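# Provide a 3D model corresponding to the input given below.
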Amino acid sequence: MSTAELTAFSYVVLALVGEGGAAPNDLIASLRRGRPYWTDSPRHLYAEPKRLAGLGYLTSHKEPGVTRERTVYTLTSEGREALRRWIAEPSRFPRIQNEALARLVAGYLVDDGVLSESFRALRTDLDRAREGLAEAERFAATLPERERYLNLVHNLGRRIIDTLDEWLDEVDREFTPKRRKRGRA
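Next up is the predicted model:
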C-alpha cells in the first residue's frame, strides 16, 4: 500500500486515533482542544477516518454511545507503520494560514479604525483557545502514555497564544490614534 494517498491531515487523524482508538466525535473534541495547532472542518473528521479505513490504515467497530451507536476507529498494523514512517521524516516549518496577516497586507485599503476593529474578534478567539488549551491539559492527564508528549504540544500552544496576544497589543498601539500633547495643535 502506498502512502502517496496520505495527506498531512491523514497523519493527524492517524495520530489522534492512536493506540486507544477514537470515534469522529473524539477527533472533533481533540481538534477543538488543540485549536492553536490545526483547524479543519468537523465534516472532514467524519470523512477522513472512513477513507483511511477503506485504504486499510484503520479498522472500525461499533460501540454504544450516549444516544446511539458510534463508530470507533483503531489503527491497523499498516496505519501504525505509516505513522511510524511519517514521524521519522524531517519536520518542516509549520504551515501558517492567518487571515489577520492577509488583512494587514491589504490594510491600506481601509481606515486604520476599520482594520483595528476587525482584529477585535481575534482577542475573543485567543481567550477561547486558552480555555480549550486548559481543557486539553486536563485531558492529557487521562492519557498517561501520551501525557508527556501532549504537555510539550500544549507548552507550544501557550506560547503561540501568548505571542499572538503580544502581537495584537503591538497592532493596537500602531492603530491607536496618537494623542496630541497639550498646548500643541
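# mind listing what Val17 touches?
Leu27, Pro49, Leu58, Tyr73, Thr74, Leu75, Gly79 (CB atoms under 8 Å, 6 or more residues apart in numbering). In short, each C-beta sits where N, CA and C put it, glycine included.
# What score does it have for pLDDT?
pLDDT recorded at Val17 is 93.
# Same check on Glu135?
Glu135 is given a pLDDT of 89.
# give me the number of residues near the closest residue to it other than its chain neighbours?
The shortest distance from Glu135 to any non-neighbouring residue, by CB to CB, 6 or more residues apart in numbering, is to Arg33 (5.4 Å). Using other CB atoms under 10 Å, Arg33 has 23 other residues around it.
# Can you name the residues that contact Arg33?
Taking CB under 8 Å, 6+ apart as the test, what Arg33 contacts is Gly132, Leu133, Glu135, Ala136, Phe139.
# Next: Leu83.
Tyr11, Leu14, Ala15, Leu75.
# change it to 7 Å
Neighbouring residues of Leu83 by CB atoms under 7 Å, 6 or more residues apart in numbering: Tyr11, Leu14, Ala15.
# looking at the protein, which helix or strand does the model trust least?
helix 24-33 (a mean of 84; mean pLDDT, DSSP states H and E).
# before we move on, back to that, from the contacts of Leu83, pick the one nearest Pro90.
Using CB to CB, Tyr11 comes nearest to Pro90 of the contacts of Leu83, at 13.9 Å.
# OK, contacts around that closest one?
Leu83, Trp86.
# picking that back up, just the CA atoms of the least confident helix or strand of the chain, as CSV, please.
Extracted in CSV, the C-alpha atoms of helix 24-33 (Å, rounded to 0.1, in the frame of the first residue of the first chain):
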residue,chain,number,x,y,z
PRO,A,24,-15.2,11.0,15.0
ASN,A,25,-16.7,13.0,17.9
ASP,A,26,-13.5,12.2,19.9
LEU,A,27,-11.4,13.6,16.9
ILE,A,28,-13.5,16.7,16.8
ALA,A,29,-13.1,17.3,20.5
SER,A,30,-9.3,16.7,20.2
LEU,A,31,-9.0,19.3,17.4
ARG,A,32,-11.2,21.8,19.4
ARG,A,33,-8.8,21.4,22.3
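# This completes my enquiry, with thanks.
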